[in-house]
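Peer 1: This is the structure alone, sequence omitted:
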């Protein structure tokens, strides 16, 4: 599975859960919009979108102080686990 597919599938699952439980939340809107941007991006733009999401997502979530369900916490961590790629994201786009 490639980076885009893996990240997109993780974001899609998170969006579904957030929309069901927090439809009006800023975090939900941010994740939904990020998913759309990642789906459209390719190459360096893709890695840039992913990196931007990984840097901004924790800030958006913590500013809102949402109470995530156990399932949402798992999905959130699964998405943020992509951060382990770190600087390797740039190499994957070449």
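Peer 2: Structure received. Not measured: the values here are computed from a predicted model.
Peer 1: Please point out which parts of the helix or strand hosting residue 59 sit buried.
Peer 2: Following DSSP states H and E, one finds residue 59 within helix 43-64. Burial within helix 43-64, assessed by neighbour count using 16 or more other CB atoms under 10 Å, is assigned to 46, 47, 49, 50, 51, 53, 54, 57, 60, 61. Quick note: C-beta positions are derived from backbone N, CA and C, even for glycine.
Peer 1: With stretch 16-30 instead?
Peer 2: Neighbour counts over stretch 16-30 (16+ other CB under 10 Å) mark 17, 18, 22, 25, 27, 28, 29, 30 as buried.
Peer 1: Go ahead and confirm the fourth one touches residue 64.
Peer 2: So the one you mean is residue 25. Yes: taking contact to mean CB atoms under 8 Å, the distance of 6.2 Å between residue 25 and residue 64 places them in contact.
Peer 1: Could you export the buried residues of stretch 16-30 as a markdown table, including secondary structure, pLDDT and distance to residue 5?
Peer 2: What follows is these, written out as a markdown table (DSSP: H, G, I helix; E, B strand; the rest coil; pLDDT from 0 to 100; distance: CB to CB, whole Å):
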| residue | secondary structure | pLDDT | distance to residue 5 |
| --- | --- | --- | --- |
| 17 | helix | 97 | 19 |
| 18 | helix | 97 | 20 |
| 22 | coil | 96 | 26 |
| 25 | coil | 97 | 26 |
| 27 | helix | 97 | 23 |
| 28 | helix | 97 | 22 |
| 29 | helix | 98 | 24 |
| 30 | helix | 98 | 21 |
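Peer 1: Which of the buried residues of helix 43-64 scores worst on pLDDT?
Peer 2: When it comes to pLDDT, residue 47 is the least confident member of the buried residues of helix 43-64, at 86.
Peer 1: hmm, back to that, which other helices and strands does the helix holding residue 59 contact?
Peer 2: Counting by 3 or more CB pairs under 8 Å, 6 or more residues apart in numbering; DSSP states H and E, the packing neighbours recorded for helix 43-64 are helix 3-21, helix 26-40, helix 70-80, helix 88-92.
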